[in-house]
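S.K.: Show me the folded form of this:
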Amino acid sequence: MFKAITFDFWQTLYADSLENWENRQAIRIDNCHEYLKKQGYSCNTDIIAKGMEEAYMVSNTCWHQHIGVSVETCMKKFAETLELSLDKTEIASLIECLGNAFLESPPVMIPHVKTMLETFSKRYSLGIISDSALTPGRYTKQLMERDGILQHFTAFTYSDESEYTKPVVAQFETTLKQLNAKPEEAVHIGDIVRTDIVGAKNAGMKAIRFAGVNKSETDDTLSDAVIDDYRQLEGVIAELSQ
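M.R.: Numbers count the residues shown, from 1 in each chain. Presented below is the predicted three-dimensional model:
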């Protein structure tokens with residue numbers, strides 16, 4: 001009998017697109033440009049865009065090495081690229097610029113997620129295990145609160161707040177501890193085999209791959225089930241719990 005269900009955030013609960021990401025990136029650049037101008041720094045949008053690329057590369061490199069990295073560390077690389085000596089308050093303000101861009105151009109909640117969470121939160125403890133890039137986990141919480149689903153979750157593990165990324169087992173164990181559940185009492189749902197499925201299985205959990213958005217995962221022999229519509233989840237969970 002399962003006690004807990006954990007979810008990935010990106011492309012699992014919320015769908016993002018390249019077009020939306022590019023729009024968000026443009027807002028990030030504009031926000032940072034305006035802030036730095038107000039602080040008296042002279043820098044054009046081209047170098048800010050370059051700095052943003054370098055900041056993202058820090059995050060992406062660490063992600064592939066399964067290392068959690070704070071957005072603060074990424075933005076220190078941004079400042080280095082711009083050859084600016086920024087203090088902690090200025091770095092924090094730039095991170096706020098990134099977070100506001102995320103909330104202005106957010107990913108979209110996947111169909112039937114809200115109804116599914118309302119139903120499942122009455123039966124199971126729910127958690128989030130998400131890898132972060134340049135969007136701190138706390139801003140995804142703000143989006144979920146705005147969309148009326150945050151209250152369904154009692155555990156949150158974000159890579160920008162920890163030492164690791166998925167599939168490191170510690171990310172799953174930390175979340176299960178918050179949910180007071182053993183691995184065999186839990187299911188993880190995510191879209192990437194290398195991170196979500198491998199990590200959950202190595203942690204001793206069941207793993208369901210959500211294929212409703214990410215269609216690139218074609219080599220999957222590990223998932224206990226695959227769904228592309230959240231209306232399928234109740235039946236799948238019932239089958240896996242037998």
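S.K.: Return the distance of Glu217 relative to Ala170.
M.R.: 23 Å (CB to CB, to the nearest Å). C-beta here means a position set from N, CA and C on the backbone, and glycine is covered the same way.
S.K.: would you list every one of the strands in this protein?
M.R.: 4-7, 14-15, 108-109, 125-130, 155-158, 186-190, 206-210, 225-227 (DSSP state E).
S.K.: Straight-line length of stretch 202-219, end to end?
M.R.: 18 Å (CA to CA, to the nearest Å).
S.K.: list the contacts for Ser105?
M.R.: Asn20, Asn23, Arg24, Ile27 (CB atoms under 8 Å, 6 or more residues apart in numbering).
S.K.: So among those, which ones count as buried?
M.R.: Arg24, Ile27 (16 or more other CB atoms under 10 Å).
S.K.: so what's the nearest residue to Thr154 once chain neighbours are set aside up against?
M.R.: Nearest non-adjacent residue to Thr154, counting by CB to CB, 6 or more residues apart in numbering: Ser125, 5.6 Å away. Listed by CB under 8 Å, 6+ apart, the contact partners of Ser125 are Lys3, Ala4, Ile5, Thr154, Ala155, Leu179, Asn180, Ala181.
S.K.: Which one (most neighbours) among those?
M.R.: Most neighbours among the contacts of Ser125, by other CB atoms under 10 Å: Ile5, with 25 neighbours.
S.K.: Next, work out how far apart the residue most central in space within the chain and Thr175 are.
M.R.: Residue closest to the average C-alpha location in the chain (CA atoms, centre = their mean): Ser130, at 3.7 Å. Distance of Ser130 to Thr175, given as CB to CB: 10 Å.
S.K.: do Thr218 as well
M.R.: Thr218 is 28 Å from Thr175, by CB to CB.
S.K.: got it, and Leu36?
M.R.: Leu36 sits 37 Å away from Thr175, going by CB to CB.
S.K.: again, but for Arg231
M.R.: 25 Å.
S.K.: of those two, who's got more company?
M.R.: Legend: neighbour count by other CB under 10 Å for Arg231 and Thr175, higher for Thr175 (24 against 11).
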